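[1] Structural data only, the sequence is not supplied:
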């Protein structure tokens, strides 16, 4: 089971930053592309991605695979995804451990999964079907959630670990999502990180969230919080080096601020790696 | 509860009033099941409203936040998304306005929405390499009458109330809307040029006729005949050739047959 090599430290490719990226070719190791934004017939989005791809490795990150839905897999969607992957040759393809709708409806949100044996069977089988269709292993991301279900029979991390084994897929570990869900559901975030098989992790997500006092929401509209940086250090200690990226989807700061945030991630990774080497010496 | 039933109940609660799903949700230390679930139901509406605001920023400027907010709320309650790409959710807003009180009788905002949608459609329509006017050089002059033209897929001809383009330009700049000048229509051409810029211009009646017929597959000779019938002028061929030259220059023509 050969993991894709780490890509380094990346950012999300968002239209607001196209000009910065095209004109200044910033020191970003790679870019994460929202797959659905490029499932169009042609025009500026595709032309822009062609130009950017010439200079940067990319990962295709989807939000609509709806892998946990009980609706049939959408093969029109998967065909479009395969076409994008063939054209742009991403380092890997990822989506979320969630469902986005049933009965032909798309809710455009990452809906929570009950952690049951039935759901585990269902999602693992569908990941297998998707991987067969795409002809590649995909990476599945843990989401932020705001409810837990009475039906759940296991912890989220137990479910995620078992899912990766059963489906033989990669995992994209969203460190902010672990932190947000840990607060919302009263678990210890270290427990999640300590439970996951390091051989499955190919990427980290980092992002900001909103704190509503009674709950936290994964909003991607703030800098990464100090608590999430601390958790990232733990994750890097256990899983690093893997590809890292910072997600920003609202209240977009100047691009230089994201680059500075990415440098902070680099510094933490270097410090943690150096400490590991020191401890081993 | 089986997974399929849980997902159906969860979705029903998000898009409607049924709250049967709450029995399956645990309380947290700080929130009851209803408050926890509300994170999802509120996010659903906020996200769809965001799609509409992104796709119709000029309509929003033109009619103001309050009316746009009411329109968005009504559209969301009436319209489910069936496509994985959020890009398509807001496409039917002009049709919704045409069919729904109190917007159905307000042609000016409806036309503004239709124009804004045409610009969005041109933005990511299928690519085709535009032909240069030199493509005509290989055609003997006596064969020009039989020429037919294929146009870029991004091309749209839009009949809107007169002043729509001026209103669009004013609202884009947050400037006061110019007064409308009556119930007549103007014909607007929307397309994407080879540099991927979405462009538009208002056409006069003769060019509208020529372009509509040419894009419907009529020959250059037939277009000249229609223009001659309409204008009874000697300079019809020159005028039609002028239109043709401009369409080439604009990158509108994808093929010549």
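    Sure, I can see it. This structure is a prediction, so every number in the text was calculated from the model and none was measured.
[2] and the stretch 151-281 of chain A, which of its residues are near chain B?
    A:151, A:184, A:185, A:186, A:213, A:214, A:215, A:217 (CB under 8 Å from any CB of the partner chain). Placement of C-beta: from N, CA and C, glycine included.
[3] Tell me which two of these sit farthest apart.
    The largest separation in those, counting by CB to CB, is between A:151 and A:213 at 27.9 Å.
[4] These two - which one has more neighbours?
    residue A:151 (17 against 6; other CB atoms under 10 Å in any protein chain shown).
[5] My guess is that one contacts residue A:112. True?
    No - assessed by CB atoms under 8 Å, residue A:151 is found out of contact with residue A:112, at 11.3 Å.
[6] hang on, the earlier thing: who wins on neighbours among the residues of the stretch 151-281 of chain A next to chain B?
    residue A:184 (25 neighbours).
[7] Can you give me the distance of it to residue A:225?
    15 Å (CB to CB, to the nearest Å).
[8] May I see the buried residues of stretch A:40-50?
    Residues of stretch A:40-50 classed as buried by neighbour count (16 or more other CB atoms under 10 Å in any protein chain shown): A:40, A:42, A:43, A:44, A:45, A:46, A:48, A:49.
[9] Could I get the full set of strands for the stretch 151-281 of chain A?
    A:170-174, A:201-206, A:210-211, A:216-217, A:243-246 (DSSP state E, counting those that start in this stretch).
[10] Please dump these into JSON lines; it should also carry mean pLDDT and distance to residue B:36 for every row.
    Shown next, in JSON lines, are the strands of the stretch 151-281 of chain A (pLDDT from 0 to 100; distance: least, CB to CB, whole Å):
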{"stretch": "strand A:170-174", "mean pLDDT": "98", "distance to residue B:36": "20"}
{"stretch": "strand A:201-206", "mean pLDDT": "98", "distance to residue B:36": "23"}
{"stretch": "strand A:210-211", "mean pLDDT": "97", "distance to residue B:36": "15"}
{"stretch": "strand A:216-217", "mean pLDDT": "98", "distance to residue B:36": "11"}
{"stretch": "strand A:243-246", "mean pLDDT": "98", "distance to residue B:36": "28"}
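[11] TSV please, covering those and showing distance to residue A:235.
    What follows is these, written out as TSV (distance: least, CB to CB, whole Å):
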stretch	distance to residue A:235
strand A:170-174	6
strand A:201-206	6
strand A:210-211	21
strand A:216-217	18
strand A:243-246	9
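[12] circling back: show me the buried residues of stretch A:40-50 that map onto helices.
    A:44, A:45, A:46, A:48, A:49 (DSSP state H).
[13] For the fourth one, which non-adjacent residue is spatially closest?
    Among residues not flanking residue A:48 along the chain, residue A:18 sits closest, at 5.5 Å (CB to CB, 6 or more residues apart in numbering or on different chains).
[14] following the host helix or strand of that neighbour, which helix or strand comes up?
    Using DSSP states H and E, residue A:18 sits in helix A:18-24. For helix A:18-24, the following helix or strand on the C-terminal side (DSSP H and E) is strand A:30-34.
[15] what helices or strands is the helix or strand of chain B with the lowest mean pLDDT leaning on?
    One helix or strand of chain B scores below all others by mean pLDDT, DSSP states H and E: helix B:220-231, with a mean of 86. Secondary-structure packing of helix B:220-231 (3 or more CB pairs under 8 Å, 6 or more residues apart in numbering or on different chains; DSSP states H and E): helix B:205-215, helix B:236-249.
[16] Pull out the buried residues from the last one.
    Buried residues in helix B:236-249, defined by neighbour count with 16+ other CB under 10 Å: B:236, B:237, B:239, B:240, B:243, B:244, B:247, B:248.
[17] Return the closest of those residues with respect to chain A.
    Closest approach between those and chain A, by CB to the nearest CB: residue B:247, at 19.2 Å.
[18] which residues sit in contact with that closest one?
    B:149, B:151, B:211, B:214, B:253 (CB atoms under 8 Å, 6 or more residues apart in numbering or on different chains).
[19] Pull up the residues of the stretch 101-250 of chain B that are close to chain A.
    So the stretch 101-250 of chain B meets chain A at B:122, B:123, B:124, B:125, B:126, B:127, B:153, B:154, B:192, B:196 (CB under 8 Å from any CB).
[20] From those, which land in strands?
    residue B:192 (DSSP state E).
[21] If any of the residues of the stretch 101-250 of chain B next to chain A are buried, put those into a ChimeraX selection.
    The buried residues among these can be selected in ChimeraX (16+ other CB under 10 Å) with this line:
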select /B:122,123,124,125,127,153,154,192,196
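[22] Adding pLDDT, write the residues of the stretch 101-250 of chain B next to chain A out as TSV.
    Below are these laid out as TSV (pLDDT from 0 to 100):
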residue	pLDDT
B:122	93
B:123	91
B:124	88
B:125	89
B:126	87
B:127	85
B:153	92
B:154	92
B:192	93
B:196	89
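[23] Output the residues of the stretch 101-250 of chain B next to chain A as TSV; include the columns distance to residue B:92.
    Output for those, formatted as TSV (distance: CB to CB, whole Å):
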residue	distance to residue B:92
B:122	17
B:123	17
B:124	17
B:125	17
B:126	21
B:127	25
B:153	20
B:154	20
B:192	22
B:196	25
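[24] Tell me which of the residues of the stretch 101-250 of chain B next to chain A fall in helices.
    Reading helices off these with DSSP H, I get B:122, B:123.
[25] Check the residues of the stretch 101-250 of chain B next to chain A and tell me the two furthest apart.
    B:153 and B:196 (13.6 Å).
[26] so where do the helices sit in the stretch 1-150 of chain B?
    B:3-15, B:33-55, B:57-78, B:93-99, B:107-123 (DSSP state H, counting those that start in this stretch).
[27] Out of those, which is the most enclosed?
    helix B:107-123 (a mean of 22; mean count of other CB atoms under 10 Å in any protein chain shown).
[28] Now do that helix against helix B:57-78, angle only.
    Going by axes from the mean of the first three to the mean of the last three CA atoms, to 10 degrees, helix B:107-123 is angled at 100 degrees with respect to helix B:57-78.
[29] Who are the packing partners of helix B:107-123?
    So helix B:107-123, by 3+ CB pairs under 8 Å, 6+ apart, packs with helix B:33-55, helix B:57-78, helix B:93-99, strand B:156-161, helix B:164-172, strand B:185-192, strand B:198-203.
[30] how about the ones you listed, which one is nearest residue B:138?
    Using CB to CB, the helices and strands packed on helix B:107-123 put strand B:185-192 closest to residue B:138, at 24.8 Å.
[31] No further queries at this time; thank you.
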